[in-house]
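Chemist: Predicted coordinates and the sequence they were generated for:
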Amino acid sequence: ELKVEQNPLFLSMQEGKNYTIYCNYSTTSDRLYWYRQDPGKSLESLFVLLSNGAVKQEGRLMASLDTKARLSTLHITAAVHDLSATYFCAAFYSNYQLIWGAGTKLIIKP
Amino acid sequence: GAGVSQSPSNKVTEKGKDVELRCDPISGHTALYWYRQSLGQGLEFLIYFQGNSAPDKSGLPSDRFSAERTGGSVSTLTIQRTQQEDSAVYLCASSLAGRYEQFFGPGTRLTVL
């Protein structure tokens, strides 16, 4: 059974700093998703990573995938307050299911 | 184009009552998912529909929960004899097919008193 672990689960950081959220998954998966959720809102897709070594960047966020290590990372560069949200990773499983991490609540202080 | 819509956005009900939650997926999306998200938690898979195939109901927590999808489009999640532990946000998502990116609706916040 596929399990997905995110860490940290909670992160408070200052604006301008860099940090990385880690997403480990337990068995083979060929695609990895990152989503963002603002308080009281639904989930917004950020990245879909389809192959080993895939790297995608959007603004201050960069996601990467290492299928051999079963690890994806979401790196935040020079954080700004607007990036405060909960970030979820999800690994593709079977023909259609995503197995979700517990989420990382990110608070960026001015 | 229009995204996934859900109604109602909020539902407050009394314990023991039945509720129906509705989801309108993105036009052309054949795959539809229901999830449950309790406060501060991750997503719990409930049920998956793909086209005209039999749905995967493996995530439904009890036989009080059921869902249907009419005409391959709109879906309704029904919870019978609601319990307080059913209180959560119920999210619907759709995708082109099972392997593709899921797009989420705004959710229905269910409160059972």
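Modeler: Nice, thanks for sending it over.

Chemist: Just want the residue of chain A that's nearest chain B.
Modeler: Nearest residue of chain A to chain B, counting by Cβ to the nearest Cβ: A:Tyr96, 2.8 Å away. Using the backbone N, CA and C atoms, a C-beta is placed for each residue, glycine as well.

Chemist: does the closest residue to that residue other than its chain neighbours count as helix, strand or coil?
Modeler: Excluding the flanking residues, the one nearest A:Tyr96 by Cβ to Cβ, 6 or more residues apart in numbering or on different chains is B:Gly98, at 2.8 Å. Under DSSP: H, G, I helix; E, B strand; the rest coil, the three-state class of B:Gly98 is coil.

Chemist: do you know how far B:Gly98 is from A:Glu15?
Modeler: 40 Å (Cβ to Cβ, to the nearest Å).

Chemist: and the longest strand for chain A?
Modeler: strand A:85-93 (DSSP state E).

Chemist: tell me what the next helix or strand after that strand is packed against?
Modeler: With elements assigned by DSSP states H and E, the helix or strand that comes after strand A:85-93 is strand A:97-100. Here strand A:97-100 touches strand A:85-93, strand B:44-50, going by 3 or more Cβ pairs under 8 Å, 6 or more residues apart in numbering or on different chains; DSSP states H and E.

Chemist: angle of the last one against strand A:85-93?
Modeler: Counting by axes from the mean of the first three to the mean of the last three Cα atoms, to 10 degrees, strand B:44-50 points 50 degrees away from the direction of strand A:85-93.

Chemist: Let me know the next secondary structure element after strand B:44-50.
Modeler: Following strand B:44-50 in sequence, per DSSP H and E, is strand B:65-69.

Chemist: That next one pairs with which strands?
Modeler: Sheet pairing of strand B:65-69 (DSSP bridges) gives strand B:75-79 (antiparallel).

Chemist: what residues does the strand it pairs with touch?
Modeler: B:18-23, B:25, B:32, B:34, B:46-47, B:49, B:64-70, B:86, B:90, B:92, B:110 (Cβ atoms under 8 Å, 6 or more residues apart in numbering or on different chains).

Chemist: any idea of the mean pLDDT for it?
Modeler: Mean pLDDT, strand B:75-79: 98.

Chemist: buried residues in that strand?
Modeler: When neighbours are counted by 16 or more other Cβ atoms under 10 Å in any protein chain shown, the buried residues of strand B:75-79 are found to be B:Ser75, B:Leu77, B:Ile79.

Chemist: near chain A, which residues of chain B?
Modeler: Counting by Cβ under 8 Å from any Cβ of the partner chain, the residues of chain B close to chain A are B:31, B:41-43, B:45, B:48, B:50, B:56, B:91, B:93, B:97-99, B:101-107.

Chemist: Go ahead and flag the most central residue of chain B.
Modeler: In chain B, the residue lying closest to the centroid (Cα atoms, centre = their mean) is B:Trp34, at 3.4 Å.
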